[in-house]
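Peer 1: model the following, please.
(one chain, ligands or ions: 1)
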Amino acid sequence: MASNMTFTMIKPTAVKNGHIGAILNKINEGGFKIVALKLTKLSAEKAGEFYAVHKERPFYGELVEFMSSGPIIAAVLQKDNAVEDFRTLIGATNPADAAEGTIRALYATSIGENAVHGSDSDENALIEANFHFSGTDMFV
Ligand code: CMP
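Peer 2: Residues are numbered from 1 along each chain as shown. Modelled structure (predicted):
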């Protein structure tokens, strides 16, 4: 996967609060093409695997419990400079610090339940997209 791809999840609270459509609309308006998309639910084991990089952090248990608490949207997005531009579109990890109009400023409820995930590097975008989708389910 080149630098024109990123991976996102719409997290359980945002799905439960009915924000799927609004968030996907922001993603489209931001110039991203959705090349893979599904509504799914992570087991605690899969959520732990996805966030294994945070295993030593104090919030890891809470993060795994939350991310496996209900359905999520997983998606692969295509745009030039996708990783960086998507992180700008979603705003800071803590919604209290997220710029006005960003997805997290609009739809997140707390740092833990921060509406969306966005890959932090091209390398992780590839790993995360392949974690959720097989090649035949990505229309790049
Ligand atoms: P995300 O972009 O999905 O990547 C890791 C997640 O860990 C992050 O969003 C937050 O939801 C969560 N996280 C980061 N810091 C904290 C924290 N201090 N307390 C709870 N959750 C956190």
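Peer 1: and stretch 27-41, end to end?
Peer 2: Counting by CA to CA, to the nearest Å, you get 21 Å between the two ends of stretch 27-41.
Peer 1: can you tell me what sits against it?
Peer 2: 5-6, 8, 15, 20, 24, 68, 70-79, 82, 85-86, 89, 129, 132-133, 137-140 (CB atoms under 8 Å, 6 or more residues apart in numbering). In this view, the C-beta of every residue, glycine as well, is placed from N, C-alpha and C.
Peer 1: all helices of the protein, in order?
Peer 2: 12-16, 20-29, 44-50, 60-67, 82-90, 103-107, 122-132 (DSSP state H).
Peer 1: need the winner for burial among the ones you listed.
Peer 2: Counting by mean count of other CB atoms under 10 Å, helix 103-107 has the highest mean neighbour count of those, with a mean of 22.
Peer 1: before we move on, the earlier item: which one of the helices of the chain lies nearest to the ligand?
Peer 2: Closest approach to the ligand among these (CB to the nearest ligand atom): helix 60-67, 4.9 Å.
Peer 1: pull the number of nearby residues for Gly135.
Peer 2: By other CB atoms under 10 Å, the residues close to Gly135 number 9.
Peer 1: give the contact list for it.
Peer 2: Contacts of Gly135 by CB under 8 Å, 6+ apart: none found.
Peer 1: and Asn124, by the same measure?
Peer 2: Asn124 makes contacts with Phe7, as judged by CB under 8 Å, 6+ apart.
Peer 1: you'd agree Met138 is up against His132?
Peer 2: No - checked against CB atoms under 8 Å, the pair Met138 and His132 is beyond contact range at 9.5 Å.
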